[in-house]
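[1] got a sequence here, can you build the structure:
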Amino acid sequence: MSRAKRKQKRTDKMIAEARERLARGRADEALARYDEAIDAIGRFAQEEPDALWPLQRLAIVFVEVGALYSHIGDDARALAVLAEAERTCGELEERTRADVRRLRAELKLRQGLAGFGLGCGASAVISLDEAVNLRLELLREERDENGPCALECASAMIVNARVLARFGDPHLAVISAEMGYRGYLGQLGAPGWDGYHCGEGAEVASALFARHGRLDRALAADEVVELAARERAAATGAPEDLRRLAAALTDRGLHLQATGRPVDRAEGEGLLRESRSLDADETREAAARWDRTQAAEPEPTLASALDTAVRTLGRDRVPADLPPEFTAPLDEMKVVSPAGRCPPELAAGYAVQLADVAGALLPLAAEDGLRIGLEAHFLFAAAWRADPPGADEVRDWEAPWVRLILECCRVLADAEPGRPLGFALALDLAAFSTVLIDRLLPSARAGGLIELLHDCLTEHAGLLERAENADRARELRDKAAALRR
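    Next up is the predicted model:
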């Protein structure tokens, strides 16, 4: 065996040992072993700078370590490690022209989950958008409805739905959740299949369908949630799993009663009795959540926000030729992520149109304006991802993108504490805009962008000061001041 092969074998053994310890619930030991593997791979890479296998191993290990940090609740460190994974993945792709889409899809899914945990909602949606579309692309190429890509794709849609339900268009969240849990259910028995994860997707779908008054589709999802919860509670008997079962029974019972059909009401009452016998406190809490859902105003979708824009601004201020993927009602919607609304080469054009509407609507109807503005942001990101501009190439839609972020941040910064669309999201958007601002600065004076970029930098500095990041805020204020000299 060659020396290089021995190194690979030694590294693979470390990685296998880390995975084995993680599977046994020993996260600290797994992290320690992963760190040893990373150090060893780094040494091998220095000794053999032309070898590709260290890059391949590093990319995989970084993704696994990022996922592990998220699992133990350290999402900030997870994002840092996943950034290394992305850099390594890019270098691997550049040097080998290898197909790294499957690894990149997993990387983006993990970035989305970590961003979601930190409240970085815009970044999370964009990461999951890429993950879902990469996996859909791979599924189409695999042409096997029962192949490994099918389960991975369904799983990504379930995660995507969780993120969209909080930060994205509710219509996309509903469709992603339903397609995700149904697709996952269709892979029953496949390697890696997890009934608990399937139940998570169905739970998101049920909540969203019920919120939109689609009780029959909510009840179909409820059956999957209940089955998954019963199986898990029977297997573990753990108090948290019994609470989850009580919540599942309560949700389904209340949804049945809400149909108004006598036979459903009777079945619903039976489920509520069973739930109370398992956990009376959880039953009351689940019932209170249902009451709050019924009393709350529905969150705006892109379609409803555009309707509001027509009523508020006038029909001539809203594009009349948007595709149905932007405006279709829930029962006709087929899209599961923002990038799916249009071909990538058209995304920037539609984003500019939506950004213009959002800017006019935000002062008059903030929530609807934010929905349109965020959807424009996601489309701008899709356009960038599909055709990244060069370092010295500034696209004509980058300035409208920066202006949109500024307008959204001003509204989000003043939102009530605790709202998903609030301060944390403003920080997330502002951080994204710094890349664009740096690209626009060299041509700011000639392009008439001095005041726009000054205002963006000043707004971002104020957000950072509220977040107690004084050093970075000072840097941005100095940069803003230099623009006016």
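[2] quick one: the helices in the stretch 101-250 of the chain?
    101-117, 121-142, 148-167, 170-185, 195-211, 215-236, 239-258 (DSSP state H, counting those that start in this stretch).
[3] which of those helices sits closest to P49?
    helix 101-117 (21.7 Å; CB to CB). Any C-beta I mention is one placed from the backbone N, CA and C, and that applies to glycine too.
[4] how far does the closest one sit from the chain's center?
    Relative to its chain's centre, helix 101-117 lies at 8 Å (CA atoms, centre = their mean, to the nearest Å).
[5] list the buried residues of it.
    Neighbour-count burial for helix 101-117 flags 103-117 (criterion: 16 or more other CB atoms under 10 Å).
[6] save the helices of the stretch 101-250 of the chain as TSV, and put in distance to L412 and mean pLDDT too.
    TSV is the format used below for the helices of the stretch 101-250 of the chain (distance: least, CB to CB, whole Å; pLDDT from 0 to 100):
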stretch	distance to L412	mean pLDDT
helix 101-117	16	95
helix 121-142	10	94
helix 148-167	11	91
helix 170-185	18	91
helix 195-211	23	87
helix 215-236	30	93
helix 239-258	31	95
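[7] low-confidence regions, the stretch 351-485 of the chain specifically.
    Along the stretch 351-485 of the chain, segments meeting pLDDT under 70 span 418.
[8] now the helices for it?
    Using DSSP H, counting those that start in this stretch, the helices of the stretch 351-485 of the chain run over 366-386, 398-413, 423-440, 450-466, 470-483.
[9] just say which of those is most tucked in.
    Mean neighbours per residue, mean count of other CB atoms under 10 Å, is largest over these for helix 366-386, with a mean of 24.
[10] so which of the helices of the stretch 101-250 of the chain is nearest Q56?
    Going by CB to CB, the one of those nearest Q56 is helix 101-117, 9.0 Å.
[11] just the residues contacting the closest one, thanks.
    Identification of contacts with helix 101-117 by CB atoms under 8 Å, 6 or more residues apart in numbering yields 59-60, 63, 66-67, 69-70, 73, 75-76, 78-79, 82, 85-86, 89, 121, 123-125, 127-128, 130-131, 134-135, 137-138, 152, 156, 159-160, 162-163, 166-167, 428.
[12] and the buried ones among those, selectable in PyMOL?
    This is how PyMOL selects the buried members of the contacts of helix 101-117, with burial counted by 16+ other CB under 10 Å:
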select buried, resi 59+60+63+66+67+69+70+75+78+79+82+85+86+89+121+123+124+125+127+128+130+131+134+135+138+152+156+159+160+162+163+166+167+428
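[13] can you pull the pLDDT of M1?
    You'll see M1 listed with a pLDDT of 58.
[14] ok, now the one 10 residues further on?
    T11 carries a pLDDT value of 88.
[15] any idea which element it lies in?
    helix 3-23 (DSSP states H and E).
[16] give the buried residues for that helix.
    Buried residues in helix 3-23, defined by neighbour count with 16+ other CB under 10 Å: 7-8, 11, 14-15, 17-18, 21-22.
[17] of these, closest to S275?
    Relative to S275, and with distances defined as CB to CB, the nearest of these is L22, at 34.4 Å.
[18] counting neighbours, what do you get for T293?
    T293 has 13 neighbouring residues, counting by other CB atoms under 10 Å.
[19] quick one: it from E231, how far?
    Distance of T293 to E231, computed by CB to CB, to the nearest Å: 26 Å.
[20] tell me the SS of E299?
    Under DSSP: H, G, I helix; E, B strand; the rest coil, E299 falls in the coil class.
[21] wait, I meant D321
    Secondary structure assignment for D321 (three-state DSSP): coil.
[22] ok, now which ones touch it?
    No contacts exist for D321 under CB under 8 Å, 6+ apart.
[23] may I have the phi/psi pair for it?
    Phi and psi for D321, reported as degrees, to the nearest 10, are phi -110, psi 20.
[24] if I look at it, how far off is C342?
    In terms of CB to CB, D321 sits 12 Å off from C342.
[25] before we move on, back to that, what mean pLDDT would you report for the following helix or strand past the helix holding T11?
    Sequence-wise, the next helix or strand downstream of helix 3-23 (DSSP H and E) is helix 27-47. Averaging pLDDT along helix 27-47 gives 90.
[26] and helix 27-47, what does it pack onto?
    helix 3-23, helix 53-71 (3 or more CB pairs under 8 Å, 6 or more residues apart in numbering; DSSP states H and E).
[27] can you rerun that using 10 Å?
    helix 3-23, helix 53-71, helix 75-96 (3 or more CB pairs under 10 Å, 6 or more residues apart in numbering; DSSP states H and E).
[28] let me have those in CSV, extended by distance to G192.
    Formatted as CSV, the helices and strands packed on helix 27-47 follow (distance: least, CB to CB, whole Å):
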stretch, distance to G192
helix 3-23, 13
helix 53-71, 14
helix 75-96, 21
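[29] just give the nearest non-adjacent residue to D222, would you?
    The shortest distance from D222 to any non-neighbouring residue, by CB to CB, 6 or more residues apart in numbering, is to R252 (3.9 Å).
[30] please work out how many residues are found near that neighbour.
    Using other CB under 10 Å, R252 has 24 other residues around it.
[31] check contacts around it.
    R252 is in contact with 206, 218-219, 221-223, 225-226, 229, 267-268, 271-272, 275, counting by CB atoms under 10 Å, 6 or more residues apart in numbering.
[32] apply 8 Å and report the result again.
    Contacts of R252 by CB under 8 Å, 6+ apart are 219, 222-223, 225-226, 268, 271.
[33] and the gap between G237 and E475?
    G237 is 55 Å from E475, where distance means CB to CB.
[34] go on, E20?
    According to CB to CB, E20 stands 45 Å off from E475.
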